[in-house]
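Asker: quick check, what structure comes out for this input:
(chains A, B and C)
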Amino acid sequence: MHDGGKVIIGLIIFLALITFPLWYNVATGKAGYVPELEKATDGPCVRDTIYMKANHMDLLNDWRDEVVRSGDRFYQHADLGRVEKSLSNTCLSCHENKDKFCDRCHDYMGVEPYCWDCHIIPKELTYGN
Amino acid sequence: MGIDRRKFVKLAGLTVLGFAGAKPGGVFSQETPAADTASTAPPSGEPTAPLEGKRWAMIVDVRKCMQNPDCHACSDACHLTHNVPDFGNPKDEIKWIWKESFHHAFHEQGHEHLEERMLHTKLPVLCNHCDNPPCVKVCPTQATWRREKDGIVMMDWHRCIGCRYCVVACPYGSRSFNWRDPRPFIKEIQPDFPTRTRGVVEKCTFCEERLSRGQLPACVEACEHGALKFGDLEDPDSEVRAILRENYTIRRKPALGTQPEIYYIV
Amino acid sequence: MIEKALTGNRGYWSWVAVLLVFIGIGFLCYLRQYNTGLTVTGLSRDVTWGFYIAQFTFLVGVAASAVMVVLPYYLHNYKDFGKITILGEFVAIGAVIMCVTFIFVDLGQAFRGFNLFLHPTPHSLMFWDTVALGGYLMLNVIISQVTLGAERKGIAPPRWIRPIIILSIPWAVSIHTVTAFLYAGLAARPFWLTAILAPRFLASAFAVGPALLILFCLILRRFTRFDAGDKPIQKLGVIVTYAMVVNVFFILMEIFTAFYSDIPEHVLHFQYMFVGIEGATTLAPWMWVSVLAALVSLIMLLVPSIRANTKWLAVACVVVFVSLWIDKGLGLVIAGFVPSPLGTITEYWPTWTEFGISVGIYAMGALIISVLYKVVLSVRGQVEVKKYKGVEMARETAGNAYGS
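Answerer: Presented below is the predicted three-dimensional model:
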């Protein structure tokens, strides 16, 4: 083909650039990085860790719909008794430091949930703001 | 402390089961919870059975407000409990319950020769939680709707797109819009109730979150003069039904067919 | 065919550049509004809808320009409108896109707008307005694309497009009716709670749409080789005249009902509009301009010798546009909020940010219409060159791809 050499070189550069995210982390040894999450101040959680890691956002969505749209604010937990379906009041009562727990994974993944626009982080409250 | 959180919650859960047998309207024939000055404090961890009613309504005894013209405990309590911001100007103002003159609250009723005491009185107005709410009719996303189970006209701040059609449709001016971010303008944030974000409409929700914890609405609890009564209209033995049987009451703009559930004893 | 909009002479590109500047200004203003919130507008707790919704309401009327040429041409075979139906459809496309954009910038949480479709609500007129406007946009895009594509190939359009074109006629009526219903069903707002609101909207739409179309035809005649011809323009003028007469008549009906019945909650809104209440008089001068403009335009339109004069007709169209822009926009919307349901008086005037965003949106609409007009002119330029072999001929004034 015409300018075959240039085309192939161009293709190689393109492939290198497009696969950059894949090989860069391996090359610099960051591939094994796992965000370090602060442990909860109390336990157990309403659901097990494996479930929460994969589905906490769905759980929160379900809670939101159940509380707001159905008016169904509490439920009976086998171990914890009556639990309030509340991010601020329940989840954050054990995971007190959002920046050392929630934000760790969210920042790493580049996710910006806007729950915090409204739902309060009790520990971060300073009166008079 | 000799008891840990887990045991405490278990004990509380058993207590809830005990209360579950209580007769629903009967809660009102008991003494209302002590109206201490911290009545607007966030609900304690102690769970109580939710207040249950089929059609919540409120009665405002304007005569009692007349005797206390400088009192605004109801709006103070509500706005504190629900993190309602104070922007300091009427353009951006947000209010869930507030005091209006008779002339404004009952616009079609006012006339030149209104009785003296009424001329200078302000009385509390709030969302009427109508049985036939025009705001619900117009909302394009059902971000506001009338709850079948208890008649509360509820708000979903997750779904509201901020079109303000409900504000336009409300004949009572009960709704406010967040023209800007409210957080910096809340004097004392209560951590157990969310704030709202800018761009959504808000209004009184009859304290449904307090009702679910067995507490009366914040305004009712905060009123030291007993001007506000709250109860279930569908329960013939409730206090509100008794009051309605014995007193002449009026509602705001009845001709519009909205069936408001706030009754005023004038 | 859209590639035809990418080539043009200096005049074309200068015009596009000017529009882009205004769009840029509008965008910057919107960034300010997006960052701070709708508090940067003049809106308040009492006056919750203002300039944006006024423009939306007005532009729904402008979108009628299509039906006023489509109906005579397709239902009654009025051949003279053959060359300009596409122009009307393009105005409709631009107008509907502007409408949707005005709603977008007015929403508090615009990026949640998809909730309208995730949670359809048949008892809300706003839901139906979305359906109606979206459908009308799609109809006009399909119709214009298919008919212009056929014209470009020099053939008749496919037969299946005809029922779709016929559908666009009642659909156009529906978009105005639904938009009027947004206002006319509100028990809380006695100023709008009138059965004549939807007919008023239709009458003013049938006046403003064709008026704008006349102006566009005259602009095209002045700056391009396209000449719609005097006959269609005069016919459009007659349509504007009748529509304006009906519109003014309807307004007088409203004024009679309010003032003769003397019911305060009806009278006060009109009083605010024309005289002011308790010193609040911001809107009054504008309404008198609107009234004066309506009268002047009626005289110019009703006197045949004035209407027959194209220059004076153009002036009359501008005057109609100004009158109805004030009346159906700011007049209608703001007067509905003053006094409030509690009887309080809160005035409203758009801020510079609001105005900047609005100008940007109008520039965007003008750009869309300009681009689409450039396409159709280029397509017809092709047809003309083929027929007349590149020799500058007299302007094409009659006949079209349908072989009539």
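
Asker: mind checking what helix or strand follows the lowest-mean-pLDDT helix or strand in chain B in sequence?
Answerer: Here the helix or strand of chain B ranked lowest by mean pLDDT, DSSP states H and E is helix B:26-29, holding a mean of 37. Remark: after helix B:26-29, the chain's next helix or strand is strand B:56-61, criterion DSSP states H and E.

Asker: can you pull out the low-pLDDT segments for chain B?
Answerer: For chain B, the stretches flagged by pLDDT under 70 are B:1-3, B:5-6, B:14, B:16-47.

Asker: in it, which spans are strands?
Answerer: B:56-61, B:97-101, B:122-126, B:144-146, B:153-155, B:176-177, B:201-202, B:228-232, B:249-250, B:262-265 (DSSP state E).

Asker: can you say which of those strands is nearest to residue C:299?
Answerer: strand B:176-177 (43.7 Å; CB to CB). (Each C-beta comes from the backbone N, C-alpha and C, glycine too.)

Asker: that closest one and chain A, any residue contact?
Answerer: No. With CB under 8 Å from any CB of the partner chain as the criterion, chain A is not reached by strand B:176-177; the gap is at least 15.2 Å.

Asker: what about that strand and chain C, touching?
Answerer: Yes. Under the criterion of CB under 8 Å from any CB, chain C is reached by strand B:176-177 at B:176-177.

Asker: what packs against that strand?
Answerer: strand B:201-202 (3 or more CB pairs under 8 Å, 6 or more residues apart in numbering or on different chains; DSSP states H and E).

Asker: so what touches the strand it packs on?
Answerer: Under the contact criterion CB atoms under 8 Å, 6 or more residues apart in numbering or on different chains, strand B:201-202 has outside partners B:84, B:94, B:96, B:143-144, B:155, B:157, B:160, B:162, B:164, B:166-167, B:175-178, B:196, C:108.

Asker: hmm, 10 Å instead?
Answerer: The contact list for strand B:201-202, computed with CB atoms under 10 Å, 6 or more residues apart in numbering or on different chains, reads B:82, B:84-85, B:94-96, B:135, B:139, B:143-144, B:155, B:157, B:160-167, B:170, B:175-178, B:182, B:195-196, C:48, C:108.

Asker: next: stretch C:264-283.
Answerer: B:107-108, C:189-194, C:254-255, C:257-261, C:284-288, C:290-291, C:326-327, C:330-332, C:334-339, C:341, C:343, C:345-349.

Asker: buried ones only from these, please, as a ChimeraX command.
Answerer: This is the ChimeraX syntax for the buried subset of the contacts of stretch C:264-283, where burial follows 16 or more other CB atoms under 10 Å in any protein chain shown:
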select /B:107 /C:189,190,191,192,193,194,254,258,284,286,287,290,291,326,327,330,331,332,334,335,336,337,338,339,341,343,345,347,348
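
Asker: looking at the contacts of stretch C:264-283, which are in strands?
Answerer: Among the contacts of stretch C:264-283, no member is found in strands (DSSP E).

Asker: next step: the contacts of stretch C:264-283 restricted to helices.
Answerer: C:254-255, C:257-261, C:284-288, C:290-291, C:332, C:334-335 (DSSP state H).

Asker: out of the strands of chain B, flag the one nearest residue C:102.
Answerer: Distance to residue C:102, taken as CB to CB, is lowest for strand B:176-177 among those, at 17.6 Å.

Asker: now that closest one, how far from the chain's geometric center?
Answerer: In terms of CA atoms, centre = their mean, to the nearest Å, the centre of strand B:176-177 is found 16 Å from the chain centre.

Asker: at the geometric centre of chain A, which residue do we find?
Answerer: residue A:106 (4.2 Å; CA atoms, centre = their mean).

Asker: what's the helix or strand for it?
Answerer: Assigned by DSSP H and E, residue A:106 falls in helix A:102-109.

Asker: now find how far off-centre that helix is within its chain.
Answerer: The answer for helix A:102-109 is 5 Å, by CA atoms, centre = their mean.

Asker: tell me the domain ranges of chain A?
Answerer: A:1-33, A:35-124 (automatic domain parsing).

Asker: the ones you listed: which one's closest to residue B:200?
Answerer: The nearest among the domains of chain A, by CB to CB, is domain A:35-124 at 8.9 Å.

Asker: quick one: end-to-end length of the closest one, please.
Answerer: Its first and final residues considered, domain A:35-124 spans 22 Å by CA to CA, to the nearest Å.

Asker: any low-confidence regions in chain A?
Answerer: A:126-129.

Asker: coming back round to it: make a markdown table out of the domains of chain A and add distance to chain C.
Answerer: Shown next, in a markdown table, are the domains of chain A (distance: least, CB to the nearest CB, whole Å):
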| stretch | distance to chain C |
| --- | --- |
| domain A:1-33 | 27 |
| domain A:35-124 | 10 |
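
Asker: so which of those domains is the most packed in?
Answerer: domain A:35-124 (a mean of 15; mean count of other CB atoms under 10 Å in any protein chain shown).

Asker: strands of chain A, start to end?
Answerer: A:74-77, A:81-84.

Asker: could I get those as TSV with distance to chain B?
Answerer: Shown next, in TSV, are these (distance: least, CB to the nearest CB, whole Å):
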stretch	distance to chain B
strand A:74-77	7
strand A:81-84	3
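
Asker: which one, of those strands, ends up nearest to residue C:162?
Answerer: When the strands of chain A are compared by CB to CB, strand A:74-77 sits nearest residue C:162, at 59.7 Å.

Asker: so what touches the closest one?
Answerer: Contacts for strand A:74-77 (CB under 10 Å, 6+ apart): A:44, A:46-47, A:63, A:66-67, A:81-86, B:9-10, B:13, B:16-17, B:47, B:50, B:212-213.

Asker: among the contacts of strand B:201-202, name the ones in helices.
Answerer: Using DSSP H, the contacts of strand B:201-202 in helices are B:135, B:165-167.

Asker: now, among these, which is nearest to chain C?
Answerer: residue B:167 (4.6 Å; CB to the nearest CB).

Asker: contacting residues for the closest one?
Answerer: Residue B:167 neighbours (CB under 10 Å, 6+ apart): B:135, B:138, B:173-177, B:201, B:203, C:45-46, C:48-49, C:188.
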